[in-house]
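Visitor: compute the structure for the input listed below.
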Amino acid sequence: MFGYRRGGAPLNVLILLSAMSFLLYVDRVNLSTAASSIQAELGMTNTQLGIAFSAFAYSYAVFQVIGGWIADRIGSRVTLLVCGMIWVLTTIGTGLVGSFAALLAVRFVLGIGEGATLPAAGRALTNWTPKAKRGFAQGVTHSCSRFGNAVTPPLVAFLILTLSWRMSFVVLGAVTAIWVAVWWLYFRDDPRTHRGVVAGDLIDVPPYAVSKGRADAVPWGPLLRRMAPTMMVYFCYGWTGWLFFTWLPVFFKHGYNLDIKNSAILSSGVFFAGVVGDTVGGVICDWVYRRTGSLEAARARVILVSFLGAALFLVPVLFVRDLAAIALLLSGAFFMIELTIGPIWAVPMDVAPRHAGTASGLMNAGSAVAGIISPILFGLIIDATGNWTLPFAGSIGLLLVGAAATFWIKPQVQVAGSAPAVAHAVPAE
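Guide: Numbering: from 1, shown residues only. Model (predicted):
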């Protein structure tokens, strides 16, 4: 499978991280599907609902960098164990809330656990993946997160209709606990110490190293300068992405007066387009790199096409009212914007392999900041105007800004002092 040995440890680690991405987004977007039920029971306005959506993003933004820094020092194995335990407790806790304030609190804590997750996963993939496979590896893991987006609306709708919205969170928390146990038992930070690794798995895999002591201090100034354009681009991506992740089921339900079942089905269809987009983007990214040998073409130019294509699909959304047409246009926009994921998540691995967790955290903080602002503005605009498509106008503008910013992404220029140190282990027998 794209150069992975069948049944080998690298493929199993990729599957584990893909499962993590799946559950990460199930535990993140389950609120959007249950939102109407929660909103009715707790008596919240659309603006309050937007605030509840964004409460997650405050701590999520902060712990991007903190979590990445921690993963670079203690490794992804322990970092993701702690993160996973937080997901479990807060997901179950969401089913126990009895007030708007309690909902804000539990979402805020969830953001702490999930904030460190993707940077830690980026650190793990850097340790296990050669440069020529990084686009595919990032694309396929993130496509599983979009698969989580896609199956969550009908899954949570089914659980709500058969059990209750509260029990839906308890069930999802219990499933997440299973992943946490498997991760701890199977994964090792250094592939050379894993019993399932053979010599052929280590070809072009960077030597394992963690940042320890003053000699390995993060070069914050150079790293920030190198990652700033990527952070800006990912902010522009996140502005639109968070609208989809948080508001899409509510958009279909209230914007078109659908029941929870049909709004979940339409939302699922849009998110499935993202599943395809993530994988295709990663494959294209690696194909361009093999053909051209240019990281800039494989990363920045693929992102440029992604943003322009998404903007083109969103323009008609402002004027079309037909439900089928809207669903197709949003699916096309989501497919195009998700082409970004494989190449953009490969950038931190390219520019700062030794500090890939920290660099990934800086980049994802850009999206997280968008996640704070975007859902609240959506709710405010809806409460003020009653127009459910107007918020997408801002998305179009920011997609064009992000497209321009891609010309400042230079993945081929590595941050000084960020190359991995020599390996310190050999394959286990």
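
Visitor: pull the longest helix from the chain.
Guide: Criterion DSSP state H: the longest helix present in the chain is helix 220-255.

Visitor: after it, which helix or strand is next?
Guide: Where DSSP states H and E defines the elements, the next helix or strand beyond helix 220-255 is helix 260-292.

Visitor: residues touching the helix or strand just after that next one, excluding its own?
Guide: As assigned by DSSP H and E, the chain's next helix or strand after helix 260-292 is helix 295-296. Residues from elsewhere that reach helix 295-296, judged by CB atoms under 8 Å, 6 or more residues apart in numbering: 289, 350, 409-412. In short, each C-beta sits where N, CA and C put it, glycine included.

Visitor: what does stretch 396-416 give?
Guide: Identification of contacts with stretch 396-416 by CB under 8 Å, 6+ apart yields 219, 222-223, 226, 228-230, 232-233, 235-237, 239-240, 294-296, 298-301, 303-304, 307-308, 310-311, 314-315, 318, 337, 346-347, 350-353, 355, 359.

Visitor: pull out the buried members of the residues you listed.
Guide: 219, 222-223, 226, 228-230, 232-233, 235-237, 239-240, 295-296, 298-301, 303-304, 307, 310-311, 314, 337, 346-347, 350-353, 355, 359 (16 or more other CB atoms under 10 Å).

Visitor: what's the average pLDDT for the helix or strand residue 179 falls within?
Guide: Per DSSP H and E, residue 179 falls inside helix 165-186. The average pLDDT within helix 165-186 is 91.

Visitor: and it, what other elements does it pack with?
Guide: helix 9-42, helix 76-94, helix 134-162 (3 or more CB pairs under 8 Å, 6 or more residues apart in numbering; DSSP states H and E).

Visitor: a markdown table for these, including mean pLDDT?
Guide: Putting these into a markdown table (pLDDT from 0 to 100) gives the following:
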| stretch | mean pLDDT |
| --- | --- |
| helix 9-42 | 82 |
| helix 76-94 | 91 |
| helix 134-162 | 80 |
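
Visitor: now, of those helices, which is deepest in the fold?
Guide: Highest mean neighbour count among these (mean count of other CB atoms under 10 Å): helix 134-162, with a mean of 24.

Visitor: so what does that one touch, helix or strand wise?
Guide: On a contact count with 3+ CB pairs under 8 Å, 6+ apart, helix 134-162 meets helix 9-42, helix 117-128, helix 165-186, helix 220-255, helix 260-292, helix 323-338, helix 341-351.

Visitor: could you dump these to TSV with distance to residue 86?
Guide: Listed next are the helices and strands packed on helix 134-162 as TSV, based on distance: least, CB to CB, whole Å:
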stretch	distance to residue 86
helix 9-42	10
helix 117-128	9
helix 165-186	10
helix 220-255	19
helix 260-292	24
helix 323-338	26
helix 341-351	22
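
Visitor: output stretch 17-29 as PDB, restricted to C-alpha atoms.
Guide: Written as PDB, here are the backbone C-alpha positions of stretch 17-29 (Å, rounded to 0.1, in the frame of the first residue of the first chain):
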ATOM      1  CA  LEU A  17      -2.800   7.300  14.000                       C
ATOM      2  CA  SER A  18      -5.500   7.200  11.400                       C
ATOM      3  CA  ALA A  19      -7.900   5.700  14.000                       C
ATOM      4  CA  MET A  20      -6.800   8.400  16.400                       C
ATOM      5  CA  SER A  21      -7.700  11.100  13.800                       C
ATOM      6  CA  PHE A  22     -11.100   9.400  13.200                       C
ATOM      7  CA  LEU A  23     -11.900   9.400  16.900                       C
ATOM      8  CA  LEU A  24     -10.500  12.900  17.400                       C
ATOM      9  CA  TYR A  25     -13.000  14.400  15.100                       C
ATOM     10  CA  VAL A  26     -15.900  12.200  16.300                       C
ATOM     11  CA  ASP A  27     -15.300  13.500  19.800                       C
ATOM     12  CA  ARG A  28     -14.900  17.000  18.400                       C
ATOM     13  CA  VAL A  29     -17.900  17.400  16.100                       C
END
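
Visitor: since that was my last question, I'll sign off now.
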